[in-house]
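>>> Any chance you could fold what I've pasted below:
(chains A and B)
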Amino acid sequence: MKIAYAGTPEYAVAPLKALIDKGYDVVAVITQPDKPVGRKRILTPSPVKAFAQGVGVSVYDFEKIRDNVEEVKGIGADLLITCAYGQLLTDPILKAFPMGVYNLHASLLPLYRGASPIQSAILAGEKYTGVTVMRTELKLDCGDILLVKRCEIGDRTYGELSDELSALSAIAAVETVEILSKGEPQLLLQDEAKATFCKKINKADGKVDFSKSARQVANLINAFSPAPAAFCSLDTAQVNLLKATPCEGCGEVGTVIKADKGGIVVACGEGAVNVLSLQFAGGKPLKAADAVNGRKIKVGDRLD
RNA sequence: CGCGGGGUAGAGCAGCCAGGUAGCUCGUCGGGCUCAUAACCCGGAGGUCGCGCGGUCCGAAUCCCGCCCCCGCAA
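Numbers count the residues shown, from 1 in each chain, chains lettered A, B, ... in the order given. From the prediction side, this is the model:
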């Protein structure tokens, strides 16, 4: 069985690597074109492209895959597995693979269809999330389900949870191929009535509002970490808050009511959040203890 | 040339503008106090101040020049 793999960000590297390590015949990788990255706008290949080239798999980085149907057919793969590829597939593309196209999605479908499933699950305060493998249809994330992997969210940030889900996706990718190699799989219909959608999150939504409940504030901080990062201001400086957990405490909204090695506790509209990690503009991420020592954060300081 | 902050002890920072003793908090090591402690007291170790053995100067962490690296915003 010849497999093609479409993915772009770091998240999508682990599943690709797992398939290759398992000895499956990955004949081609499809990814987004190189994009300018960082302050210096350096043209950089996607993580998936960099990895694929490193292991000698041929790479296709179509500007628009829908305009390259013949080339896609020319790959001659039986199966396409996609994971955070970043382009919508069209009917001719789907039909280019005899065994079909399967997508690894980072949520428990039908929940959180769309662009930011991991962040949205944290933001909503879900207890569990996971990875769903589904047969790709034209409508976004609506296809029938092949398998699901669950995991607990806990107090994890988007970055931390993303790493775990990436690892789960790797396992799911391998299982998917194993199942498909045994013939037509059993698929489960999605319950449309329970479907929810999430849109792309944007930087502005990361403004912390301490008048909300501690749970909501902590969810926001963790969902936006490490990027685009939840932020607030302290004096005249902007501070990105990178990790927090709700805790006991009360006081005037936005006021630091405790600051020591254990964290920086800020009063919220309801309860308080313990900020464990933060980053001042221009600085690197700091543990709360370091911020207390070096940046002299103390009880009574105001965040807003 | 998009705007801006930064590189000083293991960590985080101050000192720089108005050159002249290497400073603060934490950590660490040793000792003391305590039933006890992340508490408190005493003492110690630890720094080529990013690089150019660059320039100016009697003297540079500090001023000037060149380079490297990190980061916030914007995109």
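>>> Quick check: residues of chain A near RNA strand B?
A:36, A:38-39, A:41, A:203, A:228-229, A:231, A:238, A:240, A:261-262, A:279-284, A:286, A:289-291, A:293-296 (C-beta under 7 Å from any atom of the strand). Quick note: C-beta positions are derived from backbone N, CA and C, even for glycine.
>>> Buried ones among those residues?
For the residues of chain A next to RNA strand B, a burial check counting by 16 or more other C-beta atoms under 10 Å picks out A:228-229, A:231, A:240, A:279-280, A:286, A:290-291, A:295.
>>> Now do A:Val27: how many residues are near it, please.
16 (other C-beta atoms under 10 Å).
>>> Give me the nearest residue to it, chain neighbours excluded.
A:Lys2 (4.7 Å; C-beta to C-beta, 6 or more residues apart in numbering).
>>> what does A:Leu94 give?
A:Val101 (5.3 Å).
>>> what about stretch A:116-130, distance to the chain center?
10 Å (C-alpha atoms, centre = their mean, to the nearest Å).
>>> mind listing what the closest residue to RNA strand B within the stretch 151-300 of chain A touches?
Nearest residue of the stretch 151-300 of chain A to RNA strand B, counting by C-beta to the nearest atom of the strand: A:Gly294, 1.9 Å away. Counting by C-beta atoms under 8 Å, 6 or more residues apart in numbering, A:Gly294 makes contact with A:Leu286.
>>> Do you know the pLDDT at A:Ala12?
You'll see A:Ala12 listed with a pLDDT of 97.
>>> Could you give the number of residues near the residue nearest to it when sequence neighbours are not counted?
Distances taken as C-beta to C-beta, 6+ apart place A:Cys83 nearest to A:Ala12, at 4.2 Å, with adjacent residues excluded. A count of nearby residues for A:Cys83, using other C-beta under 10 Å, gives 28.
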